[in-house]
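> mind looking at a prediction? Sequence and model below.
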Amino acid sequence: MSTVLCVSKMEADLSGFNIDAPRWDQRTFLGRVKHFLNITDPRTVFVSERELDWAKVMVEKSRMGVVPPGTQVEQLLYAKKLYDSAFHPDTGEKMNVIGRMSFQLPGGMIITGFMLQFYRTMPAVIFWQWVNQSFNAL
């Protein structure tokens, strides 16, 4: 019986749920750090294309106020996390894996490792600086 009450309460909360509202207080440093860590989570790089498409549909439906029955707040928050990490904020298009926010940590670590390893010749330094700047521009 308590489970039924919990589900009913979660469904009732969805009526006023705004998927675009910040999850954490963005006026505080800790709130901004939590937001950044959420959208740059490297685990989201390994999410399937199907799940990313699901996340986009869920976010768009939530914005229209048409959430499927039985949807929980946690599902919408996870969909928003995937959406923010993989889709361009202005165009809404899915970005390639290398350009996603969730790839910044592993990609940057790999490039930094190569920059530290291959620094002995001027052409190598120039090449790896170019790779780093190109990666940052993506």
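Noted; the coordinates are in hand.
> count of neighbours near residue 113?
Other residues near residue 113 come to 11 when the count uses other CB atoms under 10 Å. Every residue, glycine included, has its C-beta placed from N, CA and C.
> the one 10 residues further on now?
Here the count is done by other CB under 10 Å, and residue 123 has 8 residues near it.
> and the most centrally placed residue in the chain, what does it touch?
Closest residue to the average C-alpha location of the chain: residue 85 at 2.1 Å, with CA atoms, centre = their mean. Residues near residue 85 by CB atoms under 8 Å, 6 or more residues apart in numbering: 39-41, 44, 100-102.
> how near is it to residue 115?
Using CB to CB, to the nearest Å, residue 85 is found at 25 Å from residue 115.
> ok, back up a step: farthest-separated two in the contacts of residue 85?
With CB to CB as the measure, no two of the contacts of residue 85 lie farther apart than 41 and 100, at 10.6 Å.
> more neighbours: these two, which one.
residue 100 (23 against 17).
> quick check: closest non-adjacent residue to residue 97.
Closest residue to residue 97 apart from its sequence neighbours, by CB to CB, 6 or more residues apart in numbering: residue 103 at 5.8 Å.
> where does the chain have its least confident helix or strand?
helix 2-13 (a mean of 42; mean pLDDT, DSSP states H and E).
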